[in-house]
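Asks: Sequence plus predicted model, see below.
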Amino acid sequence: MDKQLTRLSKKLSFVLRHHPDRIGIQLDKFGRADLNDFLKKFNAHYQTPLNKKTIEQIIYQSNKQRFIIEGSTIRALYGHSIPVESLEPAADPPETLYHGTSHTAAKLIQQEGLKKMDRSFVHLSNDSQNAYNVGRRHDSHPVILKIAAQKANASDISFYPTKSGIWLVDYLPPEFISIK
């Protein structure tokens, strides 16, 4: 994505994942907003020429698939710090998932498990490279945690898939977590 689309994507993330109140919109319990209302208020607040076509460019050019337009609504697919319910039903995860984190956090996670902290869900990656890239936001040499996802699922822990390959979970006890 070019720099302008990246800047807009970050603003979309900020509003749809964390602060819809910043531009005066209300999200439903699944994190959806009316697209026309969103565009009107987003453009008024940020003084930008954002439109549906530009959002579609962001969606199709990003490999992270952060947003989706569904009919007359828009929503972030994951990453919320505000409470939202998953639209995807729980599903059987792959055998192994991954989570990238800092060395400091890894020690705590091994004792207490993976908690959603200020997010609506814990985010897990399908592959270790994606987990590494996410973990680099917190540590230049992140720790990659290996998650025994199928074993956790067999213990009644629900996993929610997203269209971007990220899996969501409410909490993961330490017995299902090891360092890769």
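Replies: Ah, there it is.

Asks: Outside of stretch 108-118 itself, list whatever touches it.
Replies: Residues from elsewhere that reach stretch 108-118 (CB atoms under 8 Å, 6 or more residues apart in numbering): 81, 99, 101, 122, 145, 147, 169-174, 177, 179. To be clear about C-beta, it is placed using only N, CA and C from the backbone, and glycine gets the same treatment.

Asks: If we only consider those residues, which is nearest to residue 153?
Replies: residue 169 (9.2 Å; CB to CB).

Asks: Next up, the contacts around that closest one.
Replies: Residue 169 touches 114, 121-122, 124, 152, 157-160, counting by CB under 8 Å, 6+ apart.

Asks: follow-up on the earlier one: the contacts of stretch 108-118, buried ones only, as a PyMOL selection?
Replies: This is how PyMOL selects the buried members of these, with burial counted by 16 or more other CB atoms under 10 Å:
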select buried, resi 99+101+122+145+147+169+172+177
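
Asks: What about the contacts of stretch 108-118, which are in strands?
Replies: 99, 101, 122, 145, 147, 169, 171-172, 177, 179 (DSSP state E).

Asks: thought residue 133 was touching residue 100?
Replies: Yes. Between residue 133 and residue 100 there is a contact under CB atoms under 8 Å: 7.1 Å.

Asks: who has more neighbours, the two?
Replies: residue 100 (26 against 14; other CB atoms under 10 Å).
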